[in-house]
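K.L.:
starting from these lines, generate the structure:
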Amino acid sequence: NNSSQLSSLPLQILLYVNGIYYIFYFLATLAMIVYKNQVFSYPDDLLAPDLAVLFLMAILEVPRLYLGFKGNLTEAEVPLGLSLGVTVGSVVLCVYLLLWQTYVLWADVLLNTVLLSTYGLESGLKVTAIAAFVS
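P.N.:
Numbering: from 1, shown residues only. Prediction:
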């Protein structure tokens, strides 16, 4: 049966939800950095790296989601594999914001834990989809 569909509906839904969640995540994290800068004595030399990580993560999110959508819908393992690779970078930046940014509030822990969980689930679905495409 050459009309079999290999693309993953759960992956497509999760990519969509992640796109929406990331917008919320970015705005909430940015607002918290502004808040922490106002309320705590945020060292000037540490504000820039924390902001840079957040903005780099936002820049990575666009190709990460685009390649994920494209790879899944066209049943192509290369864009999906590239998306998985970019996800690894996003996970590293997320872990930075979870553990090593200047001030970590409970809301940071919550937001980053949810994001890491969705990245993990999404990565598992990407690996499964890639395996289906190449078989």
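
K.L.:
contact partners for K126?
P.N.:
If a contact means C-beta atoms under 8 Å, 6 or more residues apart in numbering, then K126 has 11, 68, 71-72, 80-81, 83-84, 87 as its contacts. Heads up, the C-betas are built off the backbone N, CA and C, glycines and all.

K.L.:
again, but for F55
P.N.:
For F55, no residue counts as a contact, taking C-beta under 8 Å, 6+ apart as the criterion.

K.L.:
what about it, helix or strand, and which?
P.N.:
F55 is part of helix 44-73 when elements are defined by DSSP states H and E.

K.L.:
mind giving me the packing neighbours of the following helix or strand past that helix?
P.N.:
The C-terminal neighbour of helix 44-73 among helices and strands, as given by DSSP H and E, is helix 77-95. Secondary structure elements in contact with helix 77-95, counted by 3 or more C-beta pairs under 8 Å, 6 or more residues apart in numbering; DSSP states H and E, are helix 44-73, helix 106-134.

K.L.:
just the buried residues of the first one, please?
P.N.:
For helix 44-73, burial by neighbour count (16 or more other C-beta atoms under 10 Å) applies to 50-51, 53-54, 57-58, 61, 64-72.

K.L.:
rounded mean pLDDT for that helix, please.
P.N.:
For helix 44-73, mean pLDDT rounds to 96.
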